[in-house]
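Enquirer: build the 3D model from these lines:
(4 chains)
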There are 2 protein chains.
Amino acid sequence: MARTPVWTAITTTLRGEIAGGQYRAGDKLPTEAELATRFGVNRHTVRRALGDLAEAGIVRARRGAGVFVESSPTDYPIGRRVRFHQNIRAAGRTPIKQVLRVETRLADEVEAAALALGKGAEVVVYEGLSSLSDAPVALFTSTFPAALLPHLGESLAAGGSVTEALAANGVPDYIRRDTRITAEAATPTQALHLRVREGAPVLRTVAVNTLLDGTPIEYGVSFFAGERIALTVALDDTKDSLD
Amino acid sequence: MARTPVWTAITTTLRGEIAGGQYRAGDKLPTEAELATRFGVNRHTVRRALGDLAEAGIVRARRGAGVFVESSPTDYPIGRRVRFHQNIRAAGRTPIKQVLRVETRLADEVEAAALALGKGAEVVVYEGLSSLSDAPVALFTSTFPAALLPHLGESLAAGGSVTEALAANGVPDYIRRDTRITAEAATPTQALHLRVREGAPVLRTVAVNTLLDGTPIEYGVSFFAGERIALTVALDDTKDSLD
DNA sequence: GGCGATTTGTCCGTATGTATA
DNA sequence: CTATACATACGGACAAATCGC
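Expert: Coordinates of the predicted model:
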């Protein structure tokens, strides 16, 4: 059995702590000596791990100063009215949306169930890739009931945001009903689009958006590059019922 | 470059769709012929993939009837007042909590910042493993301010739930402030505890729980077996401000 | 219960690329 | 370099189990 080298474990641990938000962009990591003590290894072993992170552009070492976090994952808030573009622009970065496919076809069983459609109903399917400053972060597939939104396809193909396309089709507002989040290994196709290695961890979110009256309007499955994006669940401004 | 076999990709895709909730336990998958058409491969190739899922106990084939989902991931709701034990018991399953370590020590920088503590403050650290019907699902580390909860360590070591231990120490209620979710590859240690293969996708959640007045009371980092657990964010009963 | 359509299980064979001796 | 073995992938045929009418 091939044991994993110690430095690999250290790399993974530190990468995880940066991804998890313990250390944010600009933060200074503990000194090499401190890390060596913490992991119970020699300072050279820590350096091997830090070297890997530096090569990957995650940290940068400055002689005499310390090792600093270069890039930490982008926060992607999940909430009732989350809109990808608005959120990201608010964070001062430039979002890019690339349309991979827009088509109208019959709903499969899963889609029909999620959108509360009958058998044989048509859906508009929108597949795309969201990027941030040249780094792809999310691969998404959104499904809309074609009957409610007859001209949505053309609006989406134009390349704007989903919110805009929906607004142009008479849906001024919508809310997120629920979201399921799982972690998976990237398939080859996902790896290609998200520019991660095959088998790298990705976040899958499955969500249903509804009109204010509860009518399902969008069924979306998204895959996020797990180590570049942190989904945040903000529950600050909410009140819910008892336990 | 070693190409990945087609059947592997199909296995991963189907496993993901089951994990993502498209197909729930008891559901019937599309027929082999339908899947073959969908993926554009021969029926035998689909069978190879289904065979793998069957061997892993994820699906079960019944001749003449179809292929049915055997096990789908457990829902783990994230909300303001989420308690692991209560939730799971509500789902009719038996939760087990295993104490790996309870200690009191000085807070490191990250912990101090999260709990709004000064330098040199002491914290109670509780590390454990949550299981469900013999299957480990979450590896967690919770950190509490020792000053506010002087006897928490003993309560936790007794093995009850965190909610109970906090209640016994004068904290009748607490709420979750925010949660960050990322996907990572399992380290060897995590893989061992969660009984997944090394490098398997895990969900990392970082959360801060506070008293009703906003005082941070718990800083927790948990790792979930990504393909056995689906974090669900229910936003049904909430109202939040504008966009 | 019977019958036919559907669906999985098993067997035959063919071809191709890759790793190994 | 050749021979062999193995995994991948496709195609077809038929048996056996299941389900709906």
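Enquirer: just checking, A:Glu122 touches A:Glu111?
Expert: No. Assessed by C-beta atoms under 8 Å, A:Glu122 is found out of contact with A:Glu111, at 10.4 Å. Glycine gets a C-beta too; all of them are placed from N, C-alpha and C.
Enquirer: ok, these two, which is more surrounded?
Expert: A:Glu111 (21 against 15; other C-beta atoms under 10 Å in any protein chain shown).
Enquirer: okay, domains of chain A per the record?
Expert: A:6-69, A:74-233 (automatic domain parsing).
Enquirer: got the residue ranges for the strands in chain A?
Expert: A:59-62, A:66-69, A:74-78, A:95-106, A:122-132, A:135-145, A:175-185, A:201-210, A:216-225, A:229-234 (DSSP state E).
Enquirer: with distance to A:Glu154 and mean pLDDT added, can I get those strands in a markdown table?
Expert: Output for these, formatted as a markdown table (distance: least, C-beta to C-beta, whole Å; pLDDT from 0 to 100):
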| stretch | distance to A:Glu154 | mean pLDDT |
| --- | --- | --- |
| strand A:59-62 | 46 | 80 |
| strand A:66-69 | 44 | 82 |
| strand A:74-78 | 28 | 80 |
| strand A:95-106 | 9 | 86 |
| strand A:122-132 | 10 | 89 |
| strand A:135-145 | 13 | 90 |
| strand A:175-185 | 25 | 87 |
| strand A:201-210 | 20 | 91 |
| strand A:216-225 | 17 | 92 |
| strand A:229-234 | 30 | 83 |
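Enquirer: of the ones you listed, which is nearest DNA strand D?
Expert: strand A:175-185 (16.3 Å; C-beta to the nearest atom of the strand).
Enquirer: mind checking if the closest one is in reach of chain B?
Expert: Yes. Residues of strand A:175-185 are located near chain B by C-beta under 8 Å from any C-beta of the partner chain, namely A:175-185.
Enquirer: residue of chain A nearest DNA strand C, please.
Expert: For chain A, C-beta to the nearest atom of the strand, closest residue to DNA strand C: A:Glu109, 11.9 Å.
Enquirer: can you report how many residues lie near that residue?
Expert: Neighbours of A:Glu109 (other C-beta under 10 Å): 14.
Enquirer: ok, it - contacts?
Expert: Contact analysis of A:Glu109 by C-beta atoms under 8 Å, 6 or more residues apart in numbering or on different chains lists B:Pro30.
Enquirer: can I get the strands of chain A in TSV with distance to DNA strand D?
Expert: Shown next, in TSV, are the strands of chain A (distance: least, C-beta to the nearest atom of the strand, whole Å):
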stretch	distance to DNA strand D
strand A:59-62	38
strand A:66-69	40
strand A:74-78	34
strand A:95-106	21
strand A:122-132	23
strand A:135-145	22
strand A:175-185	16
strand A:201-210	22
strand A:216-225	22
strand A:229-234	30
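Enquirer: please identify which of these is closest to B:Arg228.
Expert: Proximity to B:Arg228, assessed across these by C-beta to C-beta, is greatest for strand A:175-185 (9.1 Å).
Enquirer: find the nearest non-adjacent residue to A:Pro216, please.
Expert: A:Leu115 (4.6 Å; C-beta to C-beta, 6 or more residues apart in numbering or on different chains).
Enquirer: ugh, wrong one, I meant A:Gly120
Expert: Excluding the flanking residues, the one nearest A:Gly120 by C-beta to C-beta, 6+ apart is A:Leu106, at 6.2 Å.
Enquirer: state the distance from that neighbour to A:Val123.
Expert: Per C-beta to C-beta, to the nearest Å, A:Leu106 is found 7 Å from A:Val123.
Enquirer: of these two, which one has the most company?
Expert: Just comparing A:Leu106 and A:Val123: by other C-beta under 10 Å the higher neighbour count belongs to A:Val123, 24 against 13.
Enquirer: would you confirm that that one contacts A:Glu103?
Expert: No. Using C-beta under 8 Å, A:Val123 is not in contact with A:Glu103; the gap is 9.3 Å.
Enquirer: in chain A, what residue comes closest to DNA strand D?
Expert: For chain A, C-beta to the nearest atom of the strand, closest residue to DNA strand D: A:Pro188, 10.7 Å.
Enquirer: who's in contact with that residue?
Expert: A:Pro188 sits next to A:198, B:4, B:9 when contact means C-beta under 8 Å, 6+ apart.
Enquirer: check A:Gly128 too.
Expert: A:Gly128 neighbours (C-beta under 8 Å, 6+ apart): A:97-101, A:139-140.
Enquirer: which of the domains of chain A sits closest to B:Tyr219?
Expert: Once the domains of chain A are compared by C-beta to C-beta, domain A:6-69 is nearest, at 10.2 Å.
Enquirer: span of that closest one from start to end?
Expert: 22 Å (C-alpha to C-alpha, to the nearest Å).
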